[in-house]
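Student: quick one, structure for this:
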Amino acid sequence: MAKSEGGIMETVKTVVYALIIAGIFRTLFFQPFWIPSGSMKDTLLIGDFLFVNKMAYGYSQHSCPFSMCPFSGRIFGSDPERGDVVVFRHPTNGTDFIKRVIGLPGDRVQMIEGVLHLNGEPVRLTPEEPFEEVAERQGPQGHIPRCSNAPVGEGGLCQKERATEELPGGVTHSILNISDDTRGDDTGEFVVPEGHYFVMGDNRDNSIDSRFEQTVGGVGFVPAENLLGRADRVIFSSAGDRMVYFWTWRSDRFFREIE
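Tutor: Residues are numbered from 1 along each chain as shown. Prediction:
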């Protein structure tokens with residue numbers, strides 16, 4: 001009997017240790033993230049699930065797994081590059097956001113008639129086929145997509161203009177356009193401060209990002225220490241408002257690399 005009880009205790013300890021190790025691994029190296037909004041379409045869709053690589057840029061006080069961090073600034077990691085999709089802590093309200101790094105420290109960033117300009121030069125845009133989706137409520141929050149072919153009734157085909165944008169250095173990604181007269185299509189020139197980054201959503205007319213000042217609810221410049229990590233790959237994706245609704249799973253997006 002004692003031997004049996006000893007075996008049970010060993011099993012329990014093994015399970016406990018495994019859970020502790022898994023928890024430490026998650027805390028130190030990866031952070032799960034669900035996509036709650038359409039600001040990064042069509043790169044990321046509402047209901048995509050991914051793990052954030054917390055070691056990509058090293059640790060900061062925001063990403064430190066302990067309540068007391070013995071350092072300030074960032075250690076161990078490399079610097080973000082243009083085109084990286086990053087998760088960061090909003091500089092003022094503490095919410096976790098996901099956007100694409102567009103401007104590095106010292107860059108001059110401006111939108112002119114919906115075209116991104118970096119350091120005085122427009123980026124190259126290659127028109128693509130429109131992005132299409134059903135005009136219906138999406139995800140647990142029930143967002144209804146905005147459409148460039150509006151008005152579109154519920155259940156109709158919602159379209160957004162799509163293009164491939166090429167950043168300096170040759171990094172390319174897809175961007176969407178809904179309208180040509182939104183307030184983010186024409187801006188003044190932003191000069192990215194040292195130790196900060198300029199981020200934007202790929203769904204340009206449906207993203208609150210660095211184009212908008214923090215005083216009006218925008219993101220503004222993102223301090224390096226607010227970066228939580230880089231998003232590299234979609235692990236799972238569901239179009240429904242419950243993960244258990246297997247008929248809403250988007251298996252074609254499982255393990256998809258984020259570009």
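Student: part of a helix, is I46?
Tutor: No - according to DSSP: H, G, I helix; E, B strand; the rest coil, the state of I46 is coil, so it is not within a helix.
Student: so how many other residues sit close to it?
Tutor: 25 (other CB atoms under 10 Å). No exception for glycine: its C-beta is placed from N, CA and C like everyone else's.
Student: was I right to think it contacts G142?
Tutor: No - I46 lies out of contact with G142 (CB atoms under 8 Å); the separation is 10.0 Å.
Student: show me the contacts for V134.
Tutor: V134 sits next to G155, G156, L157, C158 when contact means CB atoms under 8 Å, 6 or more residues apart in numbering.
Student: what's the answer for F97, then?
Tutor: F97 makes contacts with V87, F88, R89, H90, V199, V219, as judged by CB under 8 Å, 6+ apart.
Student: same thing but at 10 Å, please
Tutor: 37, 39-40, 86-91, 199, 201, 207-209, 219, 222, 226, 228 (CB atoms under 10 Å, 6 or more residues apart in numbering).
Student: same check, this time on C158
Tutor: C158 touches 130-136, 144-150, 152, 178, counting by CB under 10 Å, 6+ apart.
Student: filter these down to the buried ones.
Tutor: Neighbour-count burial (16 or more other CB atoms under 10 Å) is assigned, among those, to P130, F131, E133, A135, P145, R146, C147, S148, V152, I178.
Student: could you look up the SS state of the first one?
Tutor: In terms of secondary structure, P130 is strand; the call rests on three-state DSSP.
Student: with adjacent residues omitted, what lies nearest to it?
Tutor: Q159 (4.4 Å; CB to CB, 6 or more residues apart in numbering).
Student: for the helix or strand that contains the one you found, the distance to its chain's centre please.
Tutor: For Q159, the element it lies in under DSSP states H and E is strand 157-166. Distance of strand 157-166 from the chain centroid (CA atoms, centre = their mean, to the nearest Å) equals 18 Å.
Student: now do the buried residues in it.
Tutor: C158, Q159, K160, E161, R162, A163, E165.
Student: how many other residues sit next to the nearest residue to P223 once chain neighbours are set aside?
Tutor: Nearest-residue entry for P223: H196, 5.6 Å, with adjacent residues in sequence omitted and distances by CB to CB, 6+ apart. Neighbour count of H196, defined by other CB under 10 Å: 20.
Student: tell me the confidence at M1?
Tutor: As predicted, M1 sits at a pLDDT of 50.
Student: go on, the one 4 residues further on?
Tutor: Turning to E5, the model gives it a pLDDT of 52.
Student: just to revisit the earlier point, tell me how far the residue nearest to P223 lies from E213.
Tutor: 13 Å (CB to CB, to the nearest Å).
Student: quickly list what's touching both of those two.
Tutor: G220, F221.
Student: closest one to D241 out of the buried residues of strand 157-166, please.
Tutor: D241 has its nearest neighbour among the buried residues of strand 157-166 in C158, at 18.2 Å by CB to CB.
Student: what about the closest residue in space to V234 that isn't next to it in sequence, how many residues close to it?
Tutor: Nearest in space to V234, with sequence neighbours left out and distances taken as CB to CB, 6+ apart, is R256 at 4.5 Å. Per other CB under 10 Å, the neighbour tally for R256 reads 16.
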